[in-house]
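Undergrad: Here's my sequence, what's the structure:
(one chain, ligands or ions: 3)
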Amino acid sequence: MNTDEVLGIFREAGAVLEGHFILTSGLRSPVFLQKARVFMHADKTERLCKALAEKIRAAVPGKIDYVVGPAIGGLIPAYETSRHLGVPAIWVEREGGEFRLRRFEIARGARVVIVEDIVTTGLSIRETIECLRELGAEVVAAACIIDRSAGKTDVGVPLIALAEYEVPAYPADRLPPELAAIPAIKPGSRNI
Ligand SMILES: O=P(O)(O)OC[C@H]1O[C@H](OP(=O)(O)OP(=O)(O)O)[C@H](O)[C@@H]1O
Ligand SMILES: O=C(O)c1cc(=O)[nH]c(=O)[nH]1
Ligand SMILES: [Mg+2]
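TA: Ligands and ions are numbered 1, 2, ... in the order given. Have a look, this model is predicted:
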């Protein structure tokens, strides 16, 4: 599946929003990919995640013990991708602002692949890696449906993106005037 097909699915679902958005990193952007509007459709989610699972299989040699999704956005794609990989899916969720594996135990040395929805700065993936490494897991790769950095983000492990789509994002004190003129909204779940 190529980038145009992935973006076609997002557009068809009404998931490519325009306005003034506060991203999880604090950056501001005129475009927000509201993945929840895609993941509400099982058929669309299946097509995307089956293709992502194939890309992961081709890129990751050896056994994968778990797929790990960072909640909330990563929950559905991690589950659906794990279904196509034939391995269990677990998740990290925020407790006091930090990602924790609250509901599961994993053996030291477990080989895990993180599956995210969207990557912008890679901050959420790096936080997930930190949590998993503290538990002794080996993060063999990370994957996402759309990489908004178009390959520029370094998360410290190979990043497998189903699509790369470069979208502008600005520090809050360096907004272009057309963005500053629109009230900002924060769709994500960090800090709520
Ligand atoms: O690469 P980054 O700069 O970390 O941005 C991408 C992250 O932002 C979103 O999560 P968010 O924290 O907004 O909450 P959500 O998962 O509930 O949507 C998205 O789901 C990714 O996890
Ligand atoms: O960077 C983010 O927080 C972000 C961007 C985006 O397009 N979609 C999303 O869910 N999060
Ligand atoms: Mg998220």
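Undergrad: Near ligand 2, which residues of this protein? Just list them.
TA: When proximity is defined by CB under 6 Å from any ligand atom, the chain lies next to ligand 2 at 23, 24, 25, 32, 33, 35, 73, 118, 120, 148, 188. (Glycine included, C-beta is placed from N, CA and C.)
Undergrad: And the contacts of the biggest helix by length in the chain?
TA: Longest helix of the chain, by residue count under DSSP state H: helix 42-59. Helix 42-59 has contacts (CB atoms under 8 Å, 6 or more residues apart in numbering) with 1, 6, 9, 12-13, 38-39, 64, 76-77, 80-81, 83-85, 113, 115, 141, 143, 145, 158, 160, 162.
Undergrad: what does stretch 162-177 give?
TA: Residues contacting stretch 162-177 (CB under 8 Å, 6+ apart): 1-3, 6-7, 22-23, 25-31, 33, 48, 51-52, 55, 120, 143-151, 179.
Undergrad: Can you report phi and psi for the residue in the chain that ligand 1 sits nearest to?
TA: Per CB to the nearest ligand atom, residue 188 is where the chain lies closest to ligand 1, at 1.9 Å. Main-chain dihedrals, residue 188, degrees, to the nearest 10: phi -80, psi 180.
Undergrad: What residues does this structure have near ligand 1?
TA: 24-25, 70, 72-73, 116-124, 188-190.
Undergrad: the strands in this structure, which residues?
TA: 16-22, 28-33, 66-70, 89-95, 98-100, 111-119, 138-147, 159-164 (DSSP state E).
Undergrad: now those as TSV including distance to residue 173?
TA: Below are those laid out as TSV (distance: least, CB to CB, whole Å):
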stretch	distance to residue 173
strand 16-22	13
strand 28-33	10
strand 66-70	28
strand 89-95	26
strand 98-100	27
strand 111-119	24
strand 138-147	26
strand 159-164	28
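Undergrad: got those strands as a markdown table, with mean neighbour count columns?
TA: Output for those, formatted as a markdown table (neighbours: other CB atoms under 10 Å):
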| stretch | mean neighbour count |
| --- | --- |
| strand 16-22 | 16 |
| strand 28-33 | 20 |
| strand 66-70 | 26 |
| strand 89-95 | 19 |
| strand 98-100 | 15 |
| strand 111-119 | 25 |
| strand 138-147 | 23 |
| strand 159-164 | 22 |
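Undergrad: Same list (these) but as a markdown table, adding mean pLDDT.
TA: Putting those into a markdown table (pLDDT from 0 to 100) gives the following:
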| stretch | mean pLDDT |
| --- | --- |
| strand 16-22 | 97 |
| strand 28-33 | 98 |
| strand 66-70 | 98 |
| strand 89-95 | 97 |
| strand 98-100 | 97 |
| strand 111-119 | 98 |
| strand 138-147 | 98 |
| strand 159-164 | 98 |
